[in-house]
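> Got a sequence here, can you build the structure:
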Amino acid sequence: MSKDRVLGSSATIQVYGTSGPVPYGELDGFDAEPEHELKKFHPLGQKEEHAQMIYKGWKLSFKGAKVNGDWDAIQAAQDAALLAGKVAPKYRIVDTVIYDNGNVETWVYDNAILYGLKTNKDNAEEDVKQEMSGFAPKRTRG
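Model (predicted):
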């Protein structure tokens with residue numbers, strides 16, 4: 001028997017700065033992908049190739065339609081810090097999924113850096129879309 005699928009409305013993304021929750025408008029999509037590297041090698045005298053994984057953190061991406069200036073404020077805070085010779089602000093991203101049976105799965109991306117705000121204004125009849133990238137050195141179960 002098949003199970004109900006997890007709907008997007010059952011997933012939430014929360015962004016926290018050093019002073020608490022950070023508003024970011026509406027979010028239509030979130031992707032998290034490990035950037036681990038696979039190294040292959042062929043030892044002398046061995047018939048098969050061997051492989052080793054190297055941990056390299058998580059690549060994050062956020063997508064949404066512009067409803068206010070929240071994403072621009074995140075980018076402006078980053079620009080101000082970098083221009084002042086400081087480090088970029090770090091964020092905590094909390095990804096929560098609620099399953100149909102009531103179970104809750106939470107993943108936390110600590111010390112994430114958000115960067116690369118992209119704004120797309122294709123035409124007058126479409127939403128203004130925004131995308132932002134991020135990197136987190138690790139992901140832990142929340």
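> can we go C-alpha only for contacts and neighbour counts from here?
Noted.
> what does the model give the residue in the chain sticking out farthest from the centre for pLDDT?
Farthest-out residue of the chain from its mean C-alpha position, per CA atoms, centre = their mean: residue 45, at 43.0 Å. Residue 45 carries a pLDDT value of 92.
> Ok, the one 5 residues further on next?
The predicted local confidence for residue 50 comes out at a pLDDT of 93.
> And for residue 1?
For residue 1, pLDDT reads 67.
> ditto for residue 15
So residue 15 comes in at 89 (pLDDT).
> So it versus residue 30, what's the distance?
As defined by CA to CA, to the nearest Å, residue 15 lies at a distance of 12 Å from residue 30.
> What of residue 83?
Look at residue 83 and residue 30: by CA to CA, they are 28 Å apart.
> which of those two has more neighbours?
residue 30 (17 against 11; other CA atoms under 10 Å).
> and the helix or strand harbouring the more buried one, which residues are buried?
Element membership of residue 30 [criterion: DSSP states H and E] is strand 29-34. For strand 29-34, the neighbour count (16 or more other CA atoms under 10 Å) marks 30, 32, 34 as buried.
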